[in-house]
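J.: can't give you the sequence, but here's the structure:
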């Protein structure tokens, strides 16, 4: 004859079963919290130059979006960088993009077409300004760039925006006091290695593939951009308030830095869209961005810094309604 469970035992079994149902429910909510049908259609993401972090991050994000929304077709479109990215989203050429906060603010301050319709999805990670020269170069400061051949980034890039301002803060006119080149991270490293330029500016997440690849085959070093220069940047007003003095950690490029941090400046990157983009789609995209952090972070170190607690701070952009819905749904 089978034995009956004691009364207390039955209660424990029922409580355990109930707990299991709750756990299962929470798991299903986390996996598919936004409805039983994933959004479909086609979107375009404006990325950045080859060998840059924007491009690398966007390619991995597309893979994550494919898994979460298999019926959504995601097209990636390379660009010169932040300035072009903001313009593309504003005029409808792209639906989502990544751009540095200073480029977004500059676009807004200039009251350019579509500026009022720009919206934030998530704050992602910070870009660090990297001024690269050969190891044996006589350039020890930004002021030493006077009279040199310097790659300041493509005209529509975020690099160009920052480089011009940094040079101005150092008392250098980018049009008169240097020989400027429009190389970005895709061509600048090779031109430096070949001796065709004396230095190049780059602003990107750490580490940037293009810089790391150069370091693997060429002896380079970074020129410091100290806090006193960042203070002069702030004196220019406007979007320069988004620059902050910091140090590029010694772990960014160990073979180059040899355990020494490099003074520089940083600016936050934003995933952005337009107010007229479907809220439900944006909610799903926001969810994928946050959920894919660890997976993307194994390939793009900068992505490890994407965090739910800071993602909502998309200043100077107001949050898109779809992103706002997601953050409210996961609020503790």
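T.: Nice, thanks for sending it over. Note that this is a predicted model, so its numbers are computed, not measured.
J.: mind listing the helices for the protein?
T.: For the chain, the helices defined by DSSP state H occupy 7-31, 53-68, 82-90, 101-109, 158-169, 188-193, 209-215, 227-234, 254-257, 279-291, 293-297, 308-311, 321-329.
J.: Can I get those helices in TSV including distance to residue 146, mean pLDDT and mean neighbour count?
T.: In short, each C-beta sits where N, CA and C put it, glycine included. Putting those into TSV (distance: least, Cβ to Cβ, whole Å; pLDDT from 0 to 100; neighbours: other Cβ atoms under 10 Å) gives the following:
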stretch	distance to residue 146	mean pLDDT	mean neighbour count
helix 7-31	56	45	10
helix 53-68	30	96	21
helix 82-90	25	98	26
helix 101-109	24	98	23
helix 158-169	9	98	24
helix 188-193	18	98	21
helix 209-215	24	96	20
helix 227-234	14	98	16
helix 254-257	24	96	16
helix 279-291	42	97	22
helix 293-297	40	93	16
helix 308-311	38	94	14
helix 321-329	44	97	19
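J.: quick one: which of these is nearest residue 199?
T.: Proximity to residue 199 (Cβ to Cβ) singles out helix 188-193 among the helices of the chain, at 7.3 Å.
J.: just checking, what packs against that closest one?
T.: Secondary structure elements in contact with helix 188-193, counted by 3 or more Cβ pairs under 8 Å, 6 or more residues apart in numbering; DSSP states H and E, are strand 118-134, strand 149-151, strand 199-204, helix 209-215.
J.: Pick the most deeply packed of those.
T.: strand 199-204 (a mean of 29; mean count of other Cβ atoms under 10 Å).
J.: Show me how far that strand is from its chain's centre.
T.: In terms of Cα atoms, centre = their mean, to the nearest Å, the centre of strand 199-204 is set 15 Å apart from its chain centre.
J.: mind listing what it pairs with, with the direction of each?
T.: strand 118-134 (antiparallel), strand 149-151 (parallel) (DSSP bridges).
J.: of all these, which lies closest to residue 299?
T.: Checked against Cβ to Cβ, the stretch from the strands paired with strand 199-204 lying closest is strand 118-134, at 13.4 Å.
J.: Starting from residue 243, give me the distance back to the residue nearest to residue 305 when sequence neighbours are not counted.
T.: Computed as Cβ to Cβ, 6 or more residues apart in numbering, the closest residue to residue 305 that is not its neighbour in sequence is residue 125, at 4.3 Å. Residue 125 is 16 Å from residue 243, where distance means Cβ to Cβ, to the nearest Å.
J.: Also residue 289?
T.: Distance from residue 289 to residue 243, by Cβ to Cβ: 24 Å.
J.: again, but for residue 177
T.: Distance from residue 177 to residue 243, counting by Cβ to Cβ: 21 Å.
J.: Quickly list the domain ranges of this structure.
T.: Structurally, the chain divides into domains by automatic domain parsing as follows: 41-125+269-329, 127-268.
J.: Next, the distance between the ends of the shortest one.
T.: The distance separating the two terminal residues of domain 127-268, taken as Cα to Cα, to the nearest Å, comes to 6 Å.
J.: how far out from the middle of the chain is it?
T.: That offset, for domain 127-268, works out to 17 Å (Cα atoms, centre = their mean).
J.: before we move on, what about stretch 250-270?
T.: The answer for stretch 250-270 is 16 Å, by Cα atoms, centre = their mean.
J.: quick one: buried residues of it?
T.: 252-253, 256-257, 262-270 (16 or more other Cβ atoms under 10 Å).
J.: Just those residues: which are in strands?
T.: Mapping those onto strands (DSSP state E) picks out 262, 263, 264, 265, 266, 267, 268, 269, 270.
J.: can you put these in TSV and add distance to residue 303 and pLDDT?
T.: Output for these, formatted as TSV (distance: Cβ to Cβ, whole Å; pLDDT from 0 to 100):
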residue	distance to residue 303	pLDDT
262	22	98
263	25	98
264	20	98
265	21	98
266	16	98
267	17	98
268	14	97
269	11	97
270	14	98
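J.: The residues you listed into a markdown table, with extra columns for distance to residue 118?
T.: Listed next are those as a markdown table, based on distance: Cβ to Cβ, whole Å:
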| residue | distance to residue 118 |
| --- | --- |
| 262 | 33 |
| 263 | 32 |
| 264 | 27 |
| 265 | 24 |
| 266 | 22 |
| 267 | 17 |
| 268 | 15 |
| 269 | 15 |
| 270 | 10 |
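J.: for those, which one is nearest residue 96?
T.: Of those, the one sitting nearest to residue 96 (Cβ to Cβ) turns out to be residue 270, at 10.7 Å.
J.: which ones are touching residue 317?
T.: 104, 118, 119, 120, 270, 272 (Cβ atoms under 8 Å, 6 or more residues apart in numbering).
J.: can I get the residues you listed in JSON lines with distance to residue 184?
T.: Listed next are those as JSON lines, based on distance: Cβ to Cβ, whole Å:
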{"residue": "104", "distance to residue 184": "19"}
{"residue": "118", "distance to residue 184": "24"}
{"residue": "119", "distance to residue 184": "27"}
{"residue": "120", "distance to residue 184": "25"}
{"residue": "270", "distance to residue 184": "20"}
{"residue": "272", "distance to residue 184": "21"}
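J.: Thank you kindly, that will do.
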